[in-house]
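1. next input, structure requested:
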Amino acid sequence: MNAPDSLKLRIEGMDCAACAVKIENAMKRLPGVSDINVSYGQESLSLRYDEDRTSSTMIEGKIRALGFTPVGGGSHGSAAAAGSVAGPRSSWWRGRKAYLVLAIAAMFGSAFAVAHIEPALAQWAYSVAALISIVPFAKRAYAGAISGTPFSIETLMSVAALGALLIGAAQEAAVVILLFAIGELLETVAAGRARAGIEALVSLVPRDALRERANVLERVLADTLAIGDIVVVRPGDRIPSDGKVIGGVSDVDEAPVTGESIPVLKEPGAAVFAGSISTNGELRVEVTRTAADNTISRIIHMVEEAQESKAPTARLIDRFSQRYTPAAMVVALLVAIVPPFAFHAEWATWIYRGLATLLIACPCALVISTPAAIASALAAGARRGLLVKGGAALEALGKIRTVAFDKTGTLTLGRPQVTDIVPIEGTADDILAKAAAVERKASHPLGTAIVEAATLRGLELPVSFGTALTVPGKAVTARLKGGFVSVGSPRHAKEQTTLDAPIVQQLEALERQGKTVVVMLSGKRVEGLIALHDEPRSDAAAAIATLYRMGIGTVMLTGDNQRTAKAIGATVGVQVRAELLPDAKLAEIGVKRTGFSGDLNS
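-> Next comes the predicted model:
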């Protein structure tokens, strides 16, 4: 007996959990199909099937009948690898739902025009528009009914529209169909924005890596790396997988993963995360997690889970429609037939009343309104710079007692800025100009901030000779007119010379404020200190105070170090949890969802 084949498909038009359920139910009814996994967040379907009993063409045909579009066959064969289904995504305004909305709107507009030009034809015009517009939804309702989903939203809407036509409410039928189509399109737009966030996360991890084997470097796909492989990460490269440094020294920008605003020095033995960037040194990294289990993959998985969690109201409506709608149809049928049969009442009158009962009892409007309202709220938030991960989170906003903030780019500006210049020799402008001359070609965020500060002050930078020498994690050195000048860490300065007590006191005082301090050396002499800080946003403290007045507590969850986090927390008035990876942040929210307690230093 042949082993079952694997099939992976990307499915366009699958924008909600109900869509995934329809496809899953349909696949379950096909003979020889097993291991079905549907994700509307990824627009993907994976399954195993027996080619002798069900062909891949039959599977794709069933999906199309439900109103979705399978795009590009994925993996085939018994040993098919797991993974997401790749493929270009079309813009929402080029999709089938957008064209359908335009077509229905055009028919409704035409009927409206006819009704105003020739009122006697209004009923016929709206009836024709409604009958033509209902066809794609009725086909989907029929396909769902024979595939295991008899009481889908399409069924409810089709029954409501046809019932309205039968009792002479043709204009209402046309409006219901148009609103339903617009609601589906809004849901598509909201789902597309959510997927764009996932794709941005995926792009953090490079597609390939430089693997070292037997002292030979080879370029390989990042998702083929195995635990124990050695990869070489050059300056400017993104780290392809979670691992441990076994050679080299570099400052690593972890902001995309942890939110740490200042690059972190990585030496042998240090852990590194997929998606972070080696800024100024070459590292040899031993892979400790595969691509499917690295930090970015876990973040993506958490985001997908959040997106696919249905809003409580949506879940209630699903359960409501599954039980109530069939009962409503039975009641409407009884209203239509019992009086004529049992009491010899007039058939026409009671059929009309039965249809009216069906229209009144059918929760179609409620089912349509929920996804449309959620999509509209998500879009309104996005226009104001707010990203809400799905309907469940949106409804939870009305019940919150504590708000958890990220730090970098949320409560702070998201980039280091020069805050203090302490001249030991010369003036503050002299110190800043020399430091900028040394750092002008550097890619390190601290160096970039120093150059920006000098530019804002309009300072003329001294000429540097030759190429600057960078020692990762320590200093950048360049030759200026007066000799060699270094801009580096306090640790580097202590290795080069003895720091006087007043200088040490100044340095420690700045560091206690959560600032990063660099020391400028001219030869072996300390000429000045420059402090940098990721400054709080101007409106952060006011926002925290407003939430406090509303009775809502606040906490800052950040991957930054304790010292910097506490300084920001004290400035804006928020409690602090520092040095947290994304999964630890999620754990904090899960454990503390009833509220945070403690002082700002907890």
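2. once you drop chain neighbours, what's closest to Met107?
-> Of all residues not flanking Met107 in the chain, Ala129 sits nearest, at 4.1 Å (Cβ to Cβ, 6 or more residues apart in numbering). In this view, the C-beta of every residue, glycine as well, is placed from N, C-alpha and C.
3. quick one, domains of the protein?
-> Per automatic domain parsing, the structural domains of the chain span 5-89, 94-199+310-372, 208-293, 400-413+534-602, 417-533.
4. all strands of the stretch 1-150 of the chain, in order?
-> Assigned by DSSP state E, counting those that start in this stretch, the strands in the stretch 1-150 of the chain fall at 5-12, 33-39, 44-49, 69-73.
5. just send these back as JSON lines, with distance to Val21 and mean pLDDT too.
-> Output for the strands of the stretch 1-150 of the chain, formatted as JSON lines (distance: least, Cβ to Cβ, whole Å; pLDDT from 0 to 100):
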{"stretch": "strand 5-12", "distance to Val21": "13", "mean pLDDT": "88"}
{"stretch": "strand 33-39", "distance to Val21": "8", "mean pLDDT": "88"}
{"stretch": "strand 44-49", "distance to Val21": "12", "mean pLDDT": "90"}
{"stretch": "strand 69-73", "distance to Val21": "17", "mean pLDDT": "75"}
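6. and Ala493, which of these is closest to it?
-> strand 33-39 (53.0 Å; Cβ to Cβ).
7. the closest one pairs with which strands, parallel or anti?
-> Here strand 33-39 is paired, per DSSP bridges, with strand 44-49 (antiparallel).
8. what residues does the strand it pairs with touch?
-> When contacts are defined by Cβ atoms under 8 Å, 6 or more residues apart in numbering, strand 44-49 is touched by residues 4-11, 23, 27, 30, 32-39, 56, 59, 63, 70, 74, 82, 84-85.
9. among those, which ones are buried?
-> For those, a burial check counting by 16 or more other Cβ atoms under 10 Å picks out 4-11, 23, 27, 30, 33, 36, 38-39, 59, 63, 70, 74, 84-85.
10. bridged to the closest residue to Gly482 other than its chain neighbours, which residues?
-> Distance criterion Cβ to Cβ, 6+ apart; nearest residue to Gly482, sequence neighbours excluded, is Ser522 at 6.8 Å. Applying DSSP bridges to Ser522 yields these beta-bridge partners: Val485, Arg525.
11. Ser522 contacts Lys481, correct?
-> No. In this structure Ser522 lies outside contact range of Lys481 using Cβ atoms under 8 Å: 11.2 Å.
12. these two: which has the busier surroundings?
-> More crowded of Ser522 and Lys481, by other Cβ atoms under 10 Å: Ser522, with 18 against 11.
13. how far away is the more buried one from Ile104?
-> Noted for Ser522: a distance of 75 Å to Ile104, by Cβ to Cβ, to the nearest Å.
14. ditto for Asn37
-> As for Asn37, its distance to Ile104 is 33 Å (criterion: Cβ to Cβ).
15. and Ile337, by the same measure?
-> Using Cβ to Cβ, Ile337 is found at 34 Å from Ile104.
16. which one's more surrounded, these two?
-> Neighbour count, other Cβ under 10 Å: between Ile337 and Ile104, Ile104 has more, with 24 against 14.
17. any idea of the pLDDT on the more buried one?
-> The per-residue pLDDT reported for Ile104 equals 95.
18. Ala3 now?
-> 69.
19. then Glu304?
-> What the model reports for Glu304 is a pLDDT of 65.
20. repeat for Pro371
-> At Pro371, the pLDDT value in this model is 60.
21. and Leu131, by the same measure?
-> pLDDT recorded at Leu131 is 95.
22. for it, which non-adjacent residue is closest in space?
-> Leu165 (7.2 Å).
23. any idea which helix or strand carries that neighbour?
-> Assigned by DSSP states H and E, Leu165 belongs to helix 153-166.
24. residues contacting Gly247?
-> Shown in contact with Gly247 (Cβ under 8 Å, 6+ apart): 268, 283-284.
25. how many neighbours does Glu511 have?
-> Residues near Glu511, counting by other Cβ under 10 Å, number 16.
26. so it touches Val518, yeah?
-> No. Using Cβ under 8 Å, Glu511 is not in contact with Val518; the gap is 11.5 Å.
27. dig out what the residue nearest to Ile63 when sequence neighbours are not counted forms beta bridges with.
-> Counting by Cβ to Cβ, 6+ apart, Ile63 lies nearest to Pro70, which is 4.9 Å off, once chain neighbours are set aside. Assessed by DSSP bridges, Pro70 has beta-bridge partners Ile11.
28. thanks a lot, catch you later.
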